[in-house]
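**Q** Quick one, structure for this:
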Amino acid sequence: MRTRRTARAGQYLALLAYLVFLAFPFLWLLSTAFKPPRELGSLHPTWIPKDPTLANFRQAFDEQPLLDALLNSLVAAVGAAVVAVLIATPMAYVIARRRTLLARAATGWVVVSQAFPFVLVIIPLFLVLKNLRLIDSVPGLIMVYVVWALPFALWMLVGYVRAVPPELEEAAAVDGAGRARTLVSVTAPLLAPGIVATALFAFVTAWNEFFFALVLLKSPEKQTLPVVLTHFIGAEGVADLGPLAAAAFLATLPSLVIFAVIQKRITGGMLAGAVKN
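**A** Got it, this is the predicted structure:
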């Protein structure tokens, strides 16, 4: 009995340490965003600002087009998540239900494609977008994000589809429903938690992405939030710490809010896919 209590206490301590490890960067960022310059340059930093101020937020909005960058990031991330899920859902259904050599080859290609580095694919993508006249455009960036997120979304959704009992689809077929109707009316509602989880991961990936946005977007009014954040760092690597922390804090909020709102669906979707994956 005592051994079991000791083990449980050790688990709680490990969980608490892990939570502190995860929360430390965000809490320090939050504290820095509200500190005046004299506290930022102090040799004895404190957790809680002694004289909290909103000047860093005002300065951040005055120096950089944060609202435009926020809108660009939001459009790119939402667009990439929606398109990736719309494409990946029927593909995952076919791969999960048809255990053919082609389906296994497609699954293997999905796994292999995740190992490709950014540098390897940026030149072909750049040439394709140039021929389509989508360089320096948010729709072109959405296309790139969809290509990059699609393998991961497909891999996740295959597990969710396999978790749906095939007997339900067979019953729908007996009632006269075709493949498309079965997918929309029977399978898709059961896949809702997995679709939400997949869309969220695609959204977060696109929201935080920096490399493709830096290479493909040149106009200041079209740049995304991660690229604009680098403008707070000078040519010599010296950062304007207060406004940078304020802008980074604002960039972190959307992901946190979305996670908090749909946390239960994310957990249910991850567990459902883990059963079959």
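
**Q** In the stretch 51-200 of the chain, where is pLDDT below threshold?
**A** Along the stretch 51-200 of the chain, segments meeting pLDDT under 70 span 103, 106-107, 110-111, 113-115, 118.

**Q** which residue ranges form the strands in it?
**A** Counting by DSSP state E, counting those that start in this stretch, the stretch 51-200 of the chain forms no strands at all.

**Q** Now do the helices in it.
**A** 55-63, 66-97, 101-113, 118-131, 138-162, 166-174, 179-182, 188-190, 192-208 (DSSP state H, counting those that start in this stretch).

**Q** Using CSV, lay out those helices together with mean neighbour count.
**A** For every residue, glycine as well, the C-beta is placed using N, CA and C. As requested, these are exported to CSV (neighbours: other C-beta atoms under 10 Å):
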stretch, mean neighbour count
helix 55-63, 17
helix 66-97, 20
helix 101-113, 13
helix 118-131, 13
helix 138-162, 22
helix 166-174, 13
helix 179-182, 14
helix 188-190, 14
helix 192-208, 22
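
**Q** Those into JSON lines, with extra columns for distance to L27?
**A** Converted to JSON lines, these look like this (distance: least, C-beta to C-beta, whole Å):
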{"stretch": "helix 55-63", "distance to L27": "16"}
{"stretch": "helix 66-97", "distance to L27": "22"}
{"stretch": "helix 101-113", "distance to L27": "37"}
{"stretch": "helix 118-131", "distance to L27": "30"}
{"stretch": "helix 138-162", "distance to L27": "29"}
{"stretch": "helix 166-174", "distance to L27": "46"}
{"stretch": "helix 179-182", "distance to L27": "48"}
{"stretch": "helix 188-190", "distance to L27": "39"}
{"stretch": "helix 192-208", "distance to L27": "19"}
